[in-house]
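**Student:** Sequence first, then the predicted structure:
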Amino acid sequence: MPAQERAIRTRQNIMLAAATVFNERGYKAATIADILTTAGVTKGALYFHFPSKDDLAQEVLATQNRNLTIPERPSKTQELIDVVMLHTHRLQTDPMVRAAVRLTMDQLSTEFDRTGPFRQWADLTRQRLEKARDQGELLPHVNPAETADVLVGAYAGIQSMSHALTDYTDLTTRANALLRHLLPTITLPSILTSLDLNENRGAHVYTEIHTTTQKSRKGDSTEEPEEP
């Protein structure tokens with residue numbers, strides 16, 4: 001195996017191990033020794049990629065907002081729904097995202113900056129709300145920045161509640177209920193009736209993105225035929 005590929009795999013292995021430990025124990029209780037044991041790597045290998053536990057935590061935190069490139073829709077409100085439901089699906093199925101959310105919500109951890117994901121979510125939500133407003137999808141009173149903060153805060157609470165009660169098994173239902181209650185207060189009725197709020201929306205968007213990515217990779221790997 002080439003050295004570069006081996007290094008990439010080692011880094012991914014360490015990341016997954018850190019996610020597992022952070023998710024089980026939280027940041028404060030997690031130790032480098034725990035992560036080393038879970039990853040099955042040497043201390044030198046870990047510190048080559050991550051100088052400290054804080055660096056590991058920040059990298060895990062960043063994963064929850066990766067792969068959130070939603071396909072463009074005619075309705076920007078639908079794109080906002082897709083972002084929320086896709087994240088919900090990933091939180092239920094991806095251990096990296098689950099660990100990232102655990103770190104974000106960990107109020108006992110004051111050793112590292114937890115504000116990044118909240119700011120990114122608020123910015124992403126505000127941008128889509130601004131586009132929805134510009135397209136005439138929102139009610140006149142809506143302030144995109146204020147509404148974005150309300151949605152992000154409410155969704156964070158829904159995640160915490162679902163985690164405490166069912167270990168996220170009912171998060172899809174709860175996220176769907178949040179959107180069904182919030183959207184009528186900000187969206188024009190004519191737009192609201194056209195939106196797909198199905199509870200399986202996140203899984204469908206995930207499959208759509210995955211299929212598109214696979215097709216793109218196959219296309220990139222196909223050599224063009226030589227001209228005669």
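**Tutor:** Nice, I can see it.
**Student:** lowest average confidence, helix or strand, in the protein?
**Tutor:** helix 201-221 (a mean of 82; mean pLDDT, DSSP states H and E).
**Student:** what comes up buried for that helix?
**Tutor:** Across helix 201-221, burial judged by 16 or more other Cβ atoms under 10 Å covers 201, 202, 203, 205, 206, 209. From N, CA and C alone the C-beta is placed, and that goes for glycine too.
**Student:** roughly how far apart are the second one and residue 177?
**Tutor:** Meaning residue 202. 14 Å (Cβ to Cβ, to the nearest Å).
**Student:** which among the buried residues of helix 201-221 gets closest to residue 157?
**Tutor:** Nearest to residue 157 among these: residue 202, at 18.5 Å, using Cβ to Cβ.
**Student:** Just to check, the closest one is in contact with residue 81?
**Tutor:** No: with contact defined as Cβ atoms under 8 Å, residue 202 does not count as touching residue 81 (9.3 Å).
**Student:** Hmm, residue 117 and residue 58 touching each other?
**Tutor:** No: here residue 58 lies out of contact with residue 117, judged by Cβ under 8 Å, at a distance of 10.5 Å.
**Student:** Look at those two and report which has more neighbours.
**Tutor:** The neighbour count for residue 58 versus residue 117, taken as other Cβ atoms under 10 Å, is higher for residue 117 (21 against 16).
**Student:** Helix or strand for that one, just tell me which one.
**Tutor:** Assigned by DSSP states H and E, residue 117 belongs to helix 115-134.
**Student:** what does that helix rub up against?
**Tutor:** If you take Cβ atoms under 8 Å, 6 or more residues apart in numbering as the criterion, helix 115-134 is touched by 58, 61-62, 64-65, 68, 75-77, 79-80, 83, 100, 104, 138, 142, 144-145, 147-149, 151-152, 155-156, 186-187.
**Student:** Flag every buried residue along that helix.
**Tutor:** 117, 120-122, 124-126, 128-133.
**Student:** Can you tell me which one of the residues you listed sits lowest on pLDDT?
**Tutor:** Least confident of the buried residues of helix 115-134 in the model: residue 117, at 83.
**Student:** ok, and the closest non-adjacent residue to residue 170?
**Tutor:** Spatial nearest neighbour of residue 170, excluding adjacent residues (Cβ to Cβ, 6 or more residues apart in numbering): residue 162 at 5.6 Å.
**Student:** any idea which helix or strand carries the one you found?
**Tutor:** helix 144-166.
**Student:** Hey, what's the angle from that helix to helix 115-134? Just curious.
**Tutor:** Following axes from the mean of the first three to the mean of the last three Cα atoms, to 10 degrees, one obtains 130 degrees for the angle between helix 144-166 and helix 115-134.
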